[in-house]
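Turn this into a model:
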Amino acid sequence: MRSLKRQHGVTLSGLIMAAALLFAVLLTGMKLFPLYNEMFKVKAAMKSVAGQPGIASKSALDVYKLLMRNFEVSDVETFTDASIKNYAKVQRIKNSPNRILTMKYEKRGPLFGPLDVVLKIDEQIELPGPGT
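Residues are numbered from 1 along each chain as shown. Here you go, the predicted model:
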């Protein structure tokens, strides 16, 4: 005959530990989400600029303006018209009519107390050249 004293299930301390772990994971996710969200918005803006009709004939300054317009629509507030040239570069590819649009910057966000998290963004996308 089995003893009725032997019970199965979760104890209160186990439940509290699981809840604390879940809370820590959710809090960390909520702190990291804005950084990753901005990174995905930057990638989407770069793809949008690369897909613009007539991008092959646009100057680097026009590409920056298109990029800033996409950032305004996507609510990316990290860049200004004056600072975009520090983070975005349009360069020619050797032996090709195409160009490369590169975004390179770091985004810092608070995590817990004095601890910050840094997201390094270094994205490139090819801009079609004339005749491609």
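
Okay, helices next: where are they in this protein?
12-50, 60-74, 84-87 (DSSP state H).

tell me the most buried of these?
Compared across the helices of the chain, helix 60-74 shows the largest average neighbour count, a mean of 17 (mean count of other CB atoms under 10 Å). Glycine gets a C-beta too; all of them are placed from N, C-alpha and C.

what distance separates that helix from the centre of its chain?
Mean C-alpha position of helix 60-74 versus that of the full chain (CA atoms, centre = their mean, to the nearest Å) differs by 16 Å.

per-residue confidence averaged over that helix?
Mean per-residue pLDDT for helix 60-74: 94.

now do stretch 35-54
pLDDT averaged over stretch 35-54 gives 94.

who touches that stretch?
For stretch 35-54, contacts defined as CB atoms under 8 Å, 6 or more residues apart in numbering pick out 55, 58, 63, 66-67, 70-71, 74-76, 78, 101, 103, 107, 109, 117, 119, 121, 123, 125-128.

buried subset of those residues?
55, 58, 63, 66-67, 70-71, 74, 76, 101, 103, 107, 121, 125, 127 (16 or more other CB atoms under 10 Å).

show me what contacts the nearest residue to Lys85 once chain neighbours are set aside?
Distance criterion CB to CB, 6 or more residues apart in numbering; nearest residue to Lys85, sequence neighbours excluded, is Tyr64 at 6.3 Å. Residues in contact with Tyr64 (CB under 8 Å, 6+ apart) are 81, 84-85, 88, 90.

just curious, which of the residues you listed is nearest to Arg6?
If you rank those by distance to Arg6 using CB to CB, Ala88 comes first, at 66.2 Å.

thinking again about what came up before, format the contacts of Tyr64 as JSON lines; extra columns: distance to Arg6 and pLDDT.
Output for the contacts of Tyr64, formatted as JSON lines (distance: CB to CB, whole Å; pLDDT from 0 to 100):
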{"residue": "Asp81", "distance to Arg6": "71", "pLDDT": "90"}
{"residue": "Ile84", "distance to Arg6": "68", "pLDDT": "93"}
{"residue": "Lys85", "distance to Arg6": "71", "pLDDT": "92"}
{"residue": "Ala88", "distance to Arg6": "66", "pLDDT": "95"}
{"residue": "Val90", "distance to Arg6": "71", "pLDDT": "94"}
